[in-house]
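Novice: Just need the structure, nothing else, for what follows:
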Amino acid sequence: MPAASLASKLNLKPGLQAAVINAASGYLQSFSPLPQDVTLGENLEDMYDWILGIVRARSELESLVALILAALHLQSLLWITFLKGSS
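Specialist: Residues are numbered from 1 along each chain as shown. Presented below is the predicted three-dimensional model:
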């Protein structure tokens, strides 16, 4: 049985407008293959059904939270990932 894709694990469904904020270079490729008709952005200039925000510190989250909430549709999914220091 094949492993579930990252998109599947994070409930990224076909047709959603999605954004990944503060991703490291090349991280978006980990969502491949994307579900059908998903648009995947990297900024908060549009409205989205699904957002993954990647932060390294509480202060970064505090500076982004208002922007992220303003970019979400009423019925949407928000993921926040806190990166820990290098191991």
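Novice: Now do the same for the nearest residue to residue 22 once chain neighbours are set aside: helix, strand or coil?
Specialist: Once flanking residues are discounted, residue 22 sits nearest to residue 54: 4.3 Å by Cβ to Cβ, 6 or more residues apart in numbering. All C-beta spots, glycine's among them, are computed from the backbone N, C-alpha and C. Here residue 54 is recorded as strand under DSSP: H, G, I helix; E, B strand; the rest coil.
Novice: partners of residue 54 in the sheet?
Specialist: residue 81 (DSSP bridges).
Novice: I'd like to check which residues are in contact with it.
Specialist: Listed by Cβ atoms under 8 Å, 6 or more residues apart in numbering, the contact set of residue 54 reads 20-24, 27, 81, 83.
Novice: any residues touching stretch 58-66, and which ones?
Specialist: 21-22, 53, 55, 80, 82.
Novice: From the residues you listed, list just the buried residues.
Specialist: 21, 53, 55 (16 or more other Cβ atoms under 10 Å).
Novice: Grab the nearest non-local neighbour of the last one.
Specialist: The spatial neighbour of residue 55 that comes closest, neighbours along the chain excluded (Cβ to Cβ, 6+ apart), is residue 61 at 4.6 Å.
Novice: Name the nearest of the contacts of stretch 58-66 relative to residue 36.
Specialist: residue 21 (23.0 Å; Cβ to Cβ).
Novice: got a pLDDT number for that closest one?
Specialist: We have a pLDDT of 95 for residue 21.
Novice: what's the closest non-adjacent residue to it?
Specialist: residue 53 (4.6 Å).
Novice: Report the contact partners of the residue nearest to residue 71 when sequence neighbours are not counted.
Specialist: In space, and not counting its chain neighbours, residue 71 is closest to residue 44: 4.3 Å by Cβ to Cβ, 6+ apart. For residue 44, the contact set (Cβ under 8 Å, 6+ apart) comprises 19, 21, 51, 67-68, 70-71.
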